[in-house]
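S.K.: Predicted model, plus sequence, below.
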Amino acid sequence: MINEIIQDLESGYQKTVEALKRDLTKMRTGRANVAILDGIKVIYYGSPTPLNQVAALSVPDPRLIVVKPYDKGLLAALEKAIIAADVGITPSNDGELIRLPVPPLSGERRRELSKHVKKQGEDAKIALRNQRRDANELLKSLEDLPEDDVERGLKKVQDLTDAFVKAIDTEVERKEKEVLEV
């Protein structure tokens with residue numbers, strides 16, 4: 001029973017860390033990254049289709065994202081979808097492809113983004129603590145187990161929590177360094 005609780009907790013922790021990584025990847029840092037275009041849908045033959053399925057996305061240099069549609073008739077729809085997504089970059093259409101020049105971030109904007117990264121990291125840690133609390137309450141509610149087994153389970157929960165908090169700190173530190181890099 002204790003092992004099941006620990007496995008469920010670890011699974012929940014992994015999902016929390018993956019969600020944090022996904023959110024941090026989408027953050028614009030002054031460097032071109034096609035991940036900021038994730039989630040953008042284009043109306044293609046009447047149905048919303050992910051941008052990366054109707055166009056080739058590339059980063060030819062650190063300050064430019066190029067969107068080359070597989071069907072040139074989609075250029076206007078792609079441009080409209082990118083503008084509607086409000087990614088903070090104005091697309092330029094040259095009739096063949098769409099260029100997204102990524103503007104450099106100001107020092108003030110870098111500090112704001114750094115604070116936002118820390119806040120997202122703290123939110124992820126709060127999610128871990130909530131999951132830990134639930135697991136601890138579940139372990140304490142098991143009446144048919146010896147007290148020593150419950151204590152060992154509580155220690156495993158804490159060790160697991162510490163490991164995942166360290167993983168979150170590492171991700172936040174990495175992203176913060178990327179944001180503050182000029």
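M.R.: Sure thing, it's come through. These figures come from a predicted structure and were not determined experimentally. Numbering: from 1, shown residues only.
S.K.: so where do the helices sit in this protein?
M.R.: For the chain, the helices defined by DSSP state H cover 2-26, 51-54, 75-85, 107-141, 147-180.
S.K.: For residue 131, the count of nearby residues, please.
M.R.: Using other C-beta atoms under 10 Å, residue 131 is surrounded by 22 other residues. All C-beta atoms are positioned from the backbone trio N, CA, C, and that covers glycine.
S.K.: cool, residue 92 as well?
M.R.: Residue 92: 11 neighbours (other C-beta under 10 Å).
S.K.: does the closest residue to it other than its chain neighbours have beta-bridge partners, and which?
M.R.: Setting aside the residues directly before and after it, residue 92 is nearest to residue 99 in space (C-beta to C-beta, 6 or more residues apart in numbering), at 4.9 Å. Beta-bridge partners of residue 99, counted by DSSP bridges, are residue 66, residue 92.
S.K.: circling back to that earlier point, take the helices of the chain and lay them out in CSV including distance to residue 92 and mean pLDDT.
M.R.: Formatted as CSV, the helices of the chain follow (distance: least, C-beta to C-beta, whole Å; pLDDT from 0 to 100):
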stretch, distance to residue 92, mean pLDDT
helix 2-26, 22, 91
helix 51-54, 16, 89
helix 75-85, 9, 88
helix 107-141, 22, 92
helix 147-180, 25, 92
